[in-house]
Every structure is written in C-alpha cells, then in structure tokens.
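Undergrad: Dropping a prediction and its sequence here:
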Amino acid sequence: MGLKDEIDSEITKILAEQWSERDGTVVPESDNLKLSNDGIWLDATVLYADMADSTRLVDNYKTKFAAEIYKSFLHSAAKIIRSENGEITAYDGDRIMAVFIGDAKNTAAARAAFKINYSRIYILNPLLKAQYPKTTYQLNHVVGIDTSKVFVSRTGIRGSNDLVWVGRAANHAAKLSALSHDFPTRIASDVYNQLNHSMIFSNGKNMWEEATWTDMQTKIYRSTWWWSI
C-alpha cells in the first residue's frame, strides 16, 4: 500500500469510527487514551503563558542568549504553575500550556499568572541585567486564561503522538496570550466570575480592568498586577 492509500484509509476510519467518550476528574496522560476515536471530557481552566516579541529576540540577538531567555522564562513559569497545582500539558516554542481542574481552578490559574508576572519583573529581568549589564533587552510576556468543558483526545501516529485539547478554553486562552504585553494577564469573563475575592480585590481596589476583546466581540478582564512569591 502506498502513502496516499495509507492516509486515505486512516482518515476514512477516523471520520467513520464511533467515539468512545467519558467524563474525567484528573488531567489525563497519553497512555490513558487510545489512538482510536477515544476522548475524555473535563471541566478545565486552561492557561497559556507566552513570551512577547520572541521573533525580534531571535532575529536581533545571539542564539545562545535567546535560548537562555526561553529556558529562564519557561522554567520559571513551569515551577509557578506546578506550585499552584496546575498540570503542564505542552511546551510550544516560547510558550507553555497548563490545565487546572477542581473547585478552585480559576483562582489558582489567575494567581499563577500574577506570580509569573512577579517573576518576570523582580527575578528574571534583574538577573538578566546582572548577567548582561550592557543589554537593552527586557523580557515581556502575556498569560491568557479561559475556562470551559474541553474534550481531550490522542492524536498523531504510533511512535509520535500527543494529546489534543478541543474546546473554547484551550483555543481562547492561546489567543489571549498572543495579545499585546501592555497587560500581562488577560482572562475570560467566566474565569473572572469564579475568582475568589482575594484574587479580585487588593485593599479594596479591583486588580482587574474590564475590556472588550475586539476580535471575538466579547468581554474579558485584564491586569498588570503581580503576586509575590
């Protein structure tokens, strides 16, 4: 059988095969799902943390310097996400994806976003300047967060496959993290409406600003605040 015939046969099978699906209570691993049409539904909050202006970084600075920035940002974000009980589900170039579940998932994800902002301002950029005092580079980033039902399936081929997260939360969180870094944290209104009081107000002041996400014509909330770690 040639390559065309192999692809034709497999796509025909995917499109015709009935789905096996179930509700989940934990973030699945690849081994929990089959490569056939097998899926798990989760109530999940998805966080994407994305470095800003990474194209300018790799185009204008030495490769090893850029690699150090990538590694520093992703390491910091990953440690913070784990500290807030988030599950890291993917690294994609200059960004990281994480999933939070449970009753406090929105508050935990938003607090992680504020801590990532703290780390950038008070740890990463100062250490970068100390190591490279002549550089003018400043690391910026954006975290996007949304919450919804998501459908998790396994995709790819044998020996090379991964989980795919299908649902509004995954898609919108990724798109929010691609917006301008003047507001390092942006969350969907459904996330904001489920935040604990401590993640909305600081000394009586609302830490979030309501805004319209023009591309999607929907209300979101954005913030420049940080949470000390």
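TA: Good, I have the coordinates.
Undergrad: lowest-confidence helix or strand of the chain?
TA: Lowest by mean pLDDT, DSSP states H and E among the helices and strands of the chain is helix 54-60, with a mean of 91.
Undergrad: Grab the CA positions of that helix and hand them over as CSV.
TA: C-alpha atoms of helix 54-60 as CSV (Å, rounded to 0.1, in the frame of the first residue of the first chain):
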residue,chain,number,x,y,z
SER,A,54,10.2,36.4,20.5
THR,A,55,10.7,36.9,16.8
ARG,A,56,12.6,40.1,17.5
LEU,A,57,14.6,38.3,20.1
VAL,A,58,15.8,35.6,17.8
ASP,A,59,16.3,38.0,14.9
ASN,A,60,18.4,40.5,16.7
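Undergrad: Return the list of helices and strands in contact with whatever helix or strand comes next after that helix.
TA: Next helix or strand after helix 54-60 toward the C-terminus (DSSP states H and E): helix 63-83. Judged by 3 or more CB pairs under 8 Å, 6 or more residues apart in numbering; DSSP states H and E, the packing partners of helix 63-83 are strand 38-51, helix 54-60, strand 87-92, strand 95-100, helix 105-119, helix 125-131. (Each C-beta comes from the backbone N, C-alpha and C, glycine too.)
Undergrad: Please produce TSV containing the ones you listed, extended by mean neighbour count.
TA: Shown next, in TSV, are those (neighbours: other CB atoms under 10 Å):
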stretch	mean neighbour count
strand 38-51	24
helix 54-60	13
strand 87-92	15
strand 95-100	25
helix 105-119	24
helix 125-131	13
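Undergrad: can I get these in TSV with distance to N32?
TA: TSV is the format used below for the helices and strands packed on helix 63-83 (distance: least, CB to CB, whole Å):
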stretch	distance to N32
strand 38-51	7
helix 54-60	32
strand 87-92	13
strand 95-100	14
helix 105-119	19
helix 125-131	38
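Undergrad: Which one of these has the poorest average confidence?
TA: Least confidently modelled of these is helix 54-60, at a mean of 91 by mean pLDDT.
Undergrad: Pick out the residue closest to the middle of the protein.
TA: The C-alpha lying nearest the average C-alpha coordinate of the chain belongs to Y48 (CA atoms, centre = their mean; 1.6 Å).
Undergrad: could you list every residue that touches that one?
TA: R95, I96, M97, A98, V143, G144, I145, A173, A174, L176, S177 (CB atoms under 8 Å, 6 or more residues apart in numbering).
Undergrad: Name the nearest residue to it, ignoring sequence neighbours.
TA: S177 (3.9 Å; CB to CB, 6 or more residues apart in numbering).
Undergrad: residue contacts, that neighbour?
TA: Y48, A49, D50, R95, V142, V143, G144, R186.
Undergrad: farthest pair in these?
TA: Pairwise distances across the contacts of S177 peak at 14.0 Å for R95 and R186 (criterion: CB to CB).
Undergrad: For the closest residue to D23 other than its chain neighbours, which residues count as its bridge partners?
TA: Excluding its sequence neighbours, the residue lying closest to D23 (CB to CB, 6+ apart) is W41, at 5.0 Å. W41 has these beta-bridge partners by DSSP bridges: D23, F151.
Undergrad: give the contact list for W41.
TA: By CB under 8 Å, 6+ apart, the contact set of W41 is E21, R22, D23, G24, K149, V150, F151, V152.
Undergrad: which stretch among the helices and strands packed on helix 63-83 comes nearest G204?
TA: helix 105-119 (17.5 Å).
Undergrad: Just the angle for the closest one relative to strand 38-51, thanks.
TA: 30 degrees (axes from the mean of the first three to the mean of the last three CA atoms, to 10 degrees).
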